[in-house]
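fold the following.
(chains A and B)
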Amino acid sequence: KAGVTQTPRYLIKTRGQQVTLSCSPISGHRSVSWYQQTPGQGLQFLFEYFSETQRNKGNFPGRFSGRQFSNSRSEMNVSTLELGDSALYLCASSSHPPSGGLETQYFGPGTRLLVL
Amino acid sequence: LAKTTQPISMDSYEGQEVNITCSHNNIATNDYITWYQQFPSQGPRFIIQGYKTKVTNEVASLFIPADRKSSTLSLPRVSLSDTAVYYCLVGEDTDKLIFGTGTRLQVFP
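Next up, the predicted model:
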């Protein structure tokens, strides 16, 4: 079974631009979560989608948004990029929404975004 | 804040068995215990998950005593490639991957 795939793997943008990242979950998985990882802040939860609905959202500004399609693929968008948005963006999928730690999340390789 | 406490670091040599203990005194009745491994600049990788007693897979074993207030991840015959940070999570922390400090394992040749 193929794992979680993310595209693109690397991206360079300039301040003020916007970016869209894509995530394809493991086949049959319907829950997708997004995380931002930086050396200083570690891994931070962005949002989680299940059946095209956002179920949970982390503490990020409204510039960060996402959506999920009927085939469970998900995209996240960051508008008006700032230098501090440079990070590794990780997507994780699970068959059902994470609940009390029962659902294991499987991670993709990430998209490394550099904002200049 | 994470609900778990682990040693900050551990050293081992190739071929040895490594046991990393995690304390979770306030674990709830329905909480599962999950361990992740993380290499620098990579996403976490699921290792093992359990609820009670012992769980074993091709990578590791997880020992959970009856009171479930702690758990021990056992890595048999470690190699250099096992050098990483290991995180223990319980319950809702697993949902949003609220990691504690983790245990930095260094394996020497």
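
how about the strands in chain B?
B:9-13, B:18-23, B:33-38, B:45-50, B:53-56, B:61-64, B:70-75, B:84-90, B:103-108 (DSSP state E).

pLDDT at residue 72, what is it?
As the question left the chain open, I've gone with chain A. Among the per-residue scores, A:Ser72 shows a pLDDT of 95.

switch to chain B, that's the one I care about
At B:Thr72, pLDDT is 97.

next, count neighbours for it.
16 (other Cβ atoms under 10 Å in any protein chain shown). Placement of C-beta: from N, CA and C, glycine included.

quick one on the thing from earlier: with distance to A:Ala92 as added columns, please give the strands of chain B in CSV.
Listed next are these as CSV, based on distance: least, Cβ to Cβ, whole Å:
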stretch, distance to A:Ala92
strand B:9-13, 26
strand B:18-23, 21
strand B:33-38, 11
strand B:45-50, 9
strand B:53-56, 21
strand B:61-64, 20
strand B:70-75, 20
strand B:84-90, 13
strand B:103-108, 21
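
against A:Phe69, how distant is the residue lying closest to A:Ser79 once chain neighbours are set aside?
Closest residue to A:Ser79 apart from its sequence neighbours, by Cβ to Cβ, 6 or more residues apart in numbering or on different chains: A:Gln18 at 4.4 Å. As judged by Cβ to Cβ, to the nearest Å, A:Gln18 and A:Phe69 stand 19 Å apart.

what stretches of chain A score poorly on pLDDT?
A:1, A:98-102 (pLDDT under 70).

now do the strands in it.
Under DSSP E, chain A gives strands at A:5-7, A:10-13, A:19-24, A:31-38, A:42-50, A:53-57, A:64-68, A:74-78, A:87-94, A:106-107, A:111-115.

now distance to B:Gln106 and mean neighbour count too, for those strands, in TSV please.
TSV is the format used below for those (distance: least, Cβ to Cβ, whole Å; neighbours: other Cβ atoms under 10 Å in any protein chain shown):
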stretch	distance to B:Gln106	mean neighbour count
strand A:5-7	29	16
strand A:10-13	29	13
strand A:19-24	32	20
strand A:31-38	21	23
strand A:42-50	19	21
strand A:53-57	35	13
strand A:64-68	35	19
strand A:74-78	34	21
strand A:87-94	23	24
strand A:106-107	23	21
strand A:111-115	25	18
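
among those, which is nearest B:Glu14?
With Cβ to Cβ as the criterion, B:Glu14 lies closest to strand A:106-107 of these, at 26.6 Å.

in space, what's closest to the spatially most central residue of chain A - neighbours in sequence excluded?
Nearest to the geometric centre of chain A sits A:Trp34, at 2.9 Å (Cα atoms, centre = their mean). Of all residues not flanking A:Trp34 in the chain, A:Leu46 sits nearest, at 4.1 Å (Cβ to Cβ, 6+ apart).

so who does the one you found touch?
Listed by Cβ atoms under 8 Å, 6 or more residues apart in numbering or on different chains, the contact set of A:Leu46 reads A:Ser33, A:Trp34, A:Tyr35, A:Gln36, A:Lys57, A:Gly58, A:Phe60, A:Phe64, A:Gly66, A:Met76, A:Tyr89.
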